[in-house]
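[1] sharing a sequence plus its predicted fold:
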Amino acid sequence: TSVWAASDVGNELVEIDPEKNAVVQHVAVPGRPSEVAVSPSGVYVSLFKQPIVLRIDPTSGKITSRRNVGGGALGVAFGAGSVWALSSAGPAVLKLDPQTLAVRKHVSVQMSAPFVGGFSEVWWISAGSSAVCVANQYQNGVTRIDPTTGKVAAQIKLPFGKQPFSVAADGHRCWAVNDSGVFRVG
């Protein structure tokens with residue numbers, strides 16, 4: 001029933017009531033918020049250039065859980081009943097418990113394709129009921145994880161361009177955007 005947005009100004013999340021088109025809550029976080037995900041169990045945020053993922057109670061606005069993901073937290077997503085956090089350490093995706101943020105699975109998403117450039121080895125994550133998608137920025141590729149098994153299902157090099165920035169899960173496939181276009185992969 002709400003929209004949540006990360007705000008670099010003031011290190012906070014804001015809750016927006018879409019019917020009133022108004023901000024109804026400001027939630028301070030201890031750093032620059034990056035990606036935000038929402039589930040029936042809470043609101044999750046990764047903190048940019050910090051190894052931290054937070055769970056926030058949407059009613060009270062209080063931080064109720066915190067997880068160190070071992071490296072820079074480069075994104076967080078919710079899908080298939082779990083929280084998925086992207087860590088620069090490895091790089092890896094961590095499957096987290098939605099309530100406690102306890103690590104349930106550690107999945108390496110390192111890609112062996114040739115280096116083509118980028119800001120970070122991996123960048124951004126998206127999850128749905130049938131796929132978890134990660135942008136492998138250094139290799140201009142995408143890693144797709146099967147959320148049921150928690151294993152890498154495919155690593156796909158994009159046909160042209162470089163440095164995928166954003167990804168989206170779509171059924172058993174991923175969408176990726178790089179400097180040359182939009183691709184449906186895997």
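    That came through fine. Numbering: from 1, shown residues only.
[2] which residues does the spatially closest residue to Val69 that is not a sequence neighbour bridge with?
    Spatial nearest neighbour of Val69, chain neighbours left out: Ser87 (4.0 Å); criterion: CB to CB, 6 or more residues apart in numbering. All C-beta atoms are positioned from the backbone trio N, CA, C, and that covers glycine. Ser87 has the following beta-bridge partners by DSSP bridges: Ala73, Ala92.
[3] gap between stretch 89-103 and the chain center?
    11 Å (CA atoms, centre = their mean, to the nearest Å).
[4] ignore what I typed, I meant stretch 145-153.
    In terms of CA atoms, centre = their mean, the centre of stretch 145-153 is set 15 Å apart from its chain centre.
[5] show me what it is in contact with.
    Stretch 145-153 has contacts (CB atoms under 8 Å, 6 or more residues apart in numbering) with 79-80, 82, 84, 93, 95, 104-105, 107-109, 127-134, 143-144, 172, 186.
[6] those residues, buried ones only, as a PyMOL selection?
    To isolate the buried ones among the contacts of stretch 145-153 in PyMOL, judged by 16 or more other CB atoms under 10 Å, type:
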select buried, resi 79+80+82+84+93+95+105+107+109+127+128+130+131+132+133+134+143+144+186
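[7] among the contacts of stretch 145-153, which are located in strands?
    79, 82, 84, 93, 95, 104-105, 107-108, 127, 132-134, 143-144 (DSSP state E).
[8] of those, which is the nearest to Asp57?
    Ser82 (18.3 Å; CB to CB).
[9] now Pro91: how far from Asn21?
    To Asn21, Pro91 is 38 Å away according to CB to CB, to the nearest Å.
[10] low pLDDT regions in the protein?
    Within the chain, no range satisfies pLDDT under 70.
[11] what about 80?
    For the chain, applying pLDDT under 80 flags the ranges 8.
[12] re the thing from before, between Pro91 and Asn21, which has more neighbouring residues?
    Pro91 (24 against 8; other CB atoms under 10 Å).
[13] I'd say the more buried one and Gly118 touch.
    No. If you go by CB atoms under 8 Å, Pro91 and Gly118 don't touch, sitting 11.9 Å apart.
[14] name the residue most distant from the centre of the chain?
    Distance from the C-alpha centroid of the chain peaks at Lys20, with 28.0 Å (CA atoms, centre = their mean).
[15] for that residue, list the residues it contacts.
    Counting by CB under 8 Å, 6+ apart, Lys20 has no contacts.
[16] just the helices in this structure please.
    Counting by DSSP state H, no segments of the chain form helices.
[17] give me every residue that touches Tyr138.
    Counting by CB under 8 Å, 6+ apart, Tyr138 touches 111, 115-118, 120-122.
[18] likewise for Thr100?
    Per CB under 8 Å, 6+ apart, neighbours of Thr100: Ser65.
[19] and it, how far is that from Val134?
    Thr100 sits 23 Å away from Val134, going by CB to CB.
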